[in-house]
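1. Structure of the sequence below:
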Amino acid sequence: MPTLKTGICTSPDRFTDARGFTLAELTVVVFIIALISLLTLPLLGRVGNADLKAAGRQLAGSVKYLYNEAAMQRLTHRLSFDLDAAVISSLRQEDSGEWVPLPGRRGHITLPGSVRLKNVEVIGKGLFSAGTVSMDIFPVGWLEETVLHLEDGPAKMTVRFSPLIGTAEFYDGHREFR
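-> Have a look, this model is predicted:
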């Protein structure tokens, strides 16, 4: 016997006039919603400065990883920026003094989308917009203060690395600190 919110329905004829959606109609609606979602959701990740922010987070995560690895392994680590080739690599200085690339995905960093590194300023070394510059991360819990300027078309971001704690500060636009 059909039930209502308020109790039991004594008249079964009450539901015979009600029409619902057929399974075919529901399937078509679900298919249309899935198709629209499939086409639009990948575009939502690119709204605004998503690639620029992802690049900043990726670089900040890599520096923090190298900061921790330097302390744990008691070896100097380096993040090397080849501004001409747009290549960022992670290196470790062995006890022999030789610099070796880190294995796996941490050894080579690729910036997402069309993000590029405009210039790098390592305090004490200068501002570089071409060539190769490196940021050293020492096992005593210190790294060279570094400012990165990232661009993605007209959008700009500045990332500044703190020398004592190895964290990154993010700023919208191009920002100078000295």
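2. quick one, what contacts the residue positioned nearest the centre of the chain?
-> Nearest to the mean C-alpha position of the chain, by Cα atoms, centre = their mean, lies Ala54 at 2.7 Å. With contacts defined as Cβ atoms under 8 Å, 6 or more residues apart in numbering, Ala54 is in contact with Pro112, Gly113, Val115. Quick note: C-beta positions are derived from backbone N, CA and C, even for glycine.
3. and with 10 Å instead?
-> Gly45, Leu111, Pro112, Gly113, Val115, Asp152 (Cβ atoms under 10 Å, 6 or more residues apart in numbering).
4. try Leu102
-> Listed by Cβ under 10 Å, 6+ apart, the contact partners of Leu102 are Ser62, Tyr65, Leu66, Glu69, His77, Arg78, Ser89, Ser90, Leu91, Arg92, His108.
5. how does it look with 8 Å?
-> Contacts of Leu102 by Cβ under 8 Å, 6+ apart are His77, Ser90, Leu91, Arg92.
6. so the residue nearest to the centre of the chain sits in a strand?
-> No. Checked against DSSP: H, G, I helix; E, B strand; the rest coil, Ala54 lies outside a strand; its state is helix.
7. hmm, back to that, kindly indicate the member of the contacts of Leu102 with the most neighbours.
-> His77 (26 neighbours; other Cβ atoms under 10 Å).
8. Run through the bridge partners of that one.
-> Beta-bridge partners recorded for His77 (DSSP bridges): Arg92, Ile137.
9. where does it land on pLDDT?
-> pLDDT, His77: 93.
10. what about it, distance to Tyr67?
-> 8 Å (Cβ to Cβ, to the nearest Å).
11. Give the residues shared as contacts by the two.
-> Common neighbours of His77 and Tyr67 (criterion: Cβ under 8 Å, 6+ apart): Ile137.
12. ok so, going back, buried subset of the contacts of Ala54, written for PyMOL?
-> Applying 16 or more other Cβ atoms under 10 Å to those, the buried members can be selected in PyMOL as follows:
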select buried, resi 111+115+152
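13. Now for the contacts of Ala54: which two are most distant?
-> Distance extremes for these: the farthest pair is Gly45 and Leu111 at 15.4 Å, using Cβ to Cβ.
14. what helix or strand does Val140 sit in?
-> Assigned by DSSP states H and E, Val140 falls within no helix or strand.
15. what do you get for the one 10 residues further on?
-> Leu150 is located in strand 146-152, with elements delineated by DSSP H and E.
16. Does anything pack onto the helix or strand following that strand? Which helices or strands?
-> The helix or strand immediately downstream of strand 146-152 is strand 155-161, counting by DSSP H and E. Where contact means 3 or more Cβ pairs under 8 Å, 6 or more residues apart in numbering; DSSP states H and E, strand 155-161 is packed against helix 50-73, strand 146-152, strand 168-172.
17. Pick the most deeply packed of the ones you listed.
-> Comparing the helices and strands packed on strand 155-161 by mean neighbour count (mean count of other Cβ atoms under 10 Å), strand 146-152 comes out on top with a mean of 22.
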